[in-house]
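[1] Provided below are the primary sequence and the corresponding predicted coordinates.
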Amino acid sequence: MALHELDDVRKKPATGGGWPWVLGRVEEVTHGGRVARLAVRLGRELGLCGAALRDLAGGALCHDLGKILLPSELLAAPRRLEVEERRRVETHPELGAALLRRLGAPRSWVDVALAHHERWDGGGYPYGLAGADIPLAARIVAVVDTYDAIVSDRPYRP
């Protein structure tokens, strides 16, 4: 599916499309839900409340949304990805951010989708942001996303 095919998603009724349809891929929803719950718990521990927690939850839920635009067989490959395949998967933050913008999502959600693979030392992607240049919500999501990846089953792990 191409990004341009999703222009009218936000106009569809909930029963025939819209957010439930976009989020309909089971792994992205269950993973996103776990990450959102964990992010909110960590956010509370860090003193976030109100709108900051709501924004964190929404961004966490949608952080991997760009993966719906990638082939399922690539995401579920039961092996280590080749270099070019890995590069393609690493486009999901930008794809997700673009999709969220088109759907009219809050800017804070877009920021999380875009920056959740950035690293404090600047070694992440897609832009190599470092330190406090990475939005706090994206840093929180990065931590809980990594935790979820470690404790959850993955097709490429025996």
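    Thanks, I have it.

[2] shaky segments in the protein?
    Low-confidence segments of the chain (pLDDT under 70): 1-29, 154-158.

[3] Apply 80 and report the result again.
    1-29, 153-158 (pLDDT under 80).

[4] longest helix anywhere in it?
    helix 26-45 (DSSP state H).

[5] Can I get stretch 128-148 as PDB, trimmed to CA atoms?
    Listed next in PDB are the C-alpha coordinates belonging to stretch 128-148 (Å, rounded to 0.1, in the frame of the first residue of the first chain):
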ATOM      1  CA  GLY A 128      20.800  11.300  13.800                       C
ATOM      2  CA  LEU A 129      19.300  13.500  16.500                       C
ATOM      3  CA  ALA A 130      21.100  13.500  19.800                       C
ATOM      4  CA  GLY A 131      20.400  14.300  23.500                       C
ATOM      5  CA  ALA A 132      17.700  16.800  24.300                       C
ATOM      6  CA  ASP A 133      17.000  17.400  20.600                       C
ATOM      7  CA  ILE A 134      15.000  14.200  20.700                       C
ATOM      8  CA  PRO A 135      11.500  14.900  22.100                       C
ATOM      9  CA  LEU A 136      11.000  13.600  25.600                       C
ATOM     10  CA  ALA A 137       8.000  11.500  24.500                       C
ATOM     11  CA  ALA A 138      10.000   9.900  21.800                       C
ATOM     12  CA  ARG A 139      12.800   9.000  24.300                       C
ATOM     13  CA  ILE A 140      10.200   7.400  26.600                       C
ATOM     14  CA  VAL A 141       8.700   5.500  23.700                       C
ATOM     15  CA  ALA A 142      12.200   4.300  22.600                       C
ATOM     16  CA  VAL A 143      12.900   2.900  26.100                       C
ATOM     17  CA  VAL A 144       9.600   1.000  26.400                       C
ATOM     18  CA  ASP A 145       9.700   0.000  22.700                       C
ATOM     19  CA  THR A 146      13.100  -1.700  23.300                       C
ATOM     20  CA  TYR A 147      11.800  -3.300  26.500                       C
ATOM     21  CA  ASP A 148       8.700  -4.700  24.600                       C
END
